[in-house]
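need coordinates for the below:
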Amino acid sequence: MKSAVKKIIINTLSVLLVIAIFYFLGKQFANDWDKIKAFSFDFNFSLLSLSVVLYAITFFFLALGLHFILKFFHKPIPFRENLLYFCITQPAKYIPGKIWIAVARMKFFKTHDVPNPVTLLATGTESVMEIFAGAYISLVAILQTDIFNSSSVWATIIISGLGLVFLSPPVFYFFINLYLRITKLPPIEKIQRVSFLKILLLQIIYIVAMGGFGVSHLVFLQSFVPVSAEYFPFLISVGSFSYVASIIALFAPSGLGVREGVWFLALKTIITSPVAIIYAFASRIWTIVIEAILLFIALPILWIIQRKNGIITR
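Just a heads-up that it's a prediction; the model follows:
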């Protein structure tokens, strides 16, 4: 009974938080409507195309990270299929609740004899790796701004050192199991743990991916609202942090509202408020469109492979 009441309270608070965020953004949108309506979308299609390619490349590295995670759990899946599964299941993150990507993957992973608990563990591990890597990229990128000009090198070295400490198995698995507990997923047992070097390999892959998210967002912004190069490190930092925020915000599906809020609050410090709110919403549409394109590319390729191999998924 207490558990049911607690769940109702948490779900209610989650809905209220999402409503509050969208109310704030909606109010800002309404206040700036005249300027937003007058804004001219004059895209640089070369940069727009590059932003799409860069965003798609991040999926390659995220799928590569998941490939190694499954391999370390002794349930490897061929990388080609793993990349297709990754692209196909990503839209599940827009369903309320952080478990639906894992649930969507279970159907595909079962054809490779991956048990559901391993799929859950792999997805939880993936989220923690994304959080660590995104936080690292965010901090290092923002240290390259003029604010930290004189101390950026030493601060970057210190953060890198702390990052290595976080990757030591006792510390790393403490935080992974903490996240798994919060998201109500099974913990990683000692027998399932891997060495520091394997964790480091994973972290490098995810750092490349999270950096890719930051750079792809920067290029997308440049495609229709060019900003000075002095803000590039700051914007890369915001791009990576916005992705981390969307993972940490357990109450919002795919960080809906949270990621937009991060972008709006950050951008309005360097460009006008109407343009900041435009980008906050345009970037979400941009990511959804890219993810939909990747989904519709991956599905027929997977069907062809399955028919060739005589595999039927129900």
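
what sits against R259?
R259 makes contacts with S242, Y243, A245, S246, S283, R284, as judged by C-beta atoms under 8 Å, 6 or more residues apart in numbering. Heads up, the C-betas are built off the backbone N, CA and C, glycines and all.

how about 6 Å then?
S242, S246 (C-beta atoms under 6 Å, 6 or more residues apart in numbering).

now do the same for N177: helix, strand or coil?
The assignment at N177 comes out as helix when based on DSSP: H, G, I helix; E, B strand; the rest coil.

look up the closest residue to it, ignoring the ones flanking it.
P187 (4.4 Å; C-beta to C-beta, 6 or more residues apart in numbering).

phi, psi of that neighbour?
phi -70, psi 160 (degrees, to the nearest 10).

what's the answer for the one 3 residues further on, then?
Comment: the main-chain dihedrals of K190 come out as phi -60, psi -40, following degrees, to the nearest 10.

so where's the protein uncertain?
Within the chain, the set of residues satisfying pLDDT under 70 comprises 1-39, 97-98, 145-153, 249-257, 311-314.

in terms of secondary structure, what does the helix or strand harbouring G124 contact?
For G124, the host element (DSSP states H and E) is helix 116-143. Counting contacts by 3 or more C-beta pairs under 6 Å, 6 or more residues apart in numbering; DSSP states H and E, helix 116-143 packs against helix 45-72, helix 100-109, helix 152-166, helix 169-182, helix 196-224, helix 232-248.

which parts of the second one are buried?
When you say that, I think you mean helix 100-109. W100, I101, A102, V103, A104, R105, M106, F108, F109 (16 or more other C-beta atoms under 10 Å).

residue contacts, the third one?
A102 makes contact with T119, L120, T123, according to C-beta under 6 Å, 6+ apart.

how close does Y55 get to C87?
12 Å (C-beta to C-beta, to the nearest Å).

single out the most deeply packed of the helices and strands packed on helix 116-143.
Of all the helices and strands packed on helix 116-143, helix 232-248 has the most neighbours on average by mean count of other C-beta atoms under 10 Å, namely a mean of 23.

check which helices and strands that one is in contact with.
Counting by 3+ C-beta pairs under 6 Å, 6+ apart, helix 232-248 packs on helix 116-143, helix 196-224, helix 258-267.

columns distance to E291 on top of those, output as CSV?
Shown next, in CSV, are these (distance: least, C-beta to C-beta, whole Å):
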stretch, distance to E291
helix 116-143, 16
helix 196-224, 12
helix 258-267, 14
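
and those: which comes nearest A292?
A292 sits nearest to helix 196-224 of all these, at 16.0 Å, using C-beta to C-beta.

compute the inter-axis angle for that closest one and helix 116-143.
Angular relation of helix 196-224 and helix 116-143 on a 0 to 180 degree scale: 60 degrees, by axes from the mean of the first three to the mean of the last three C-alpha atoms, to 10 degrees.
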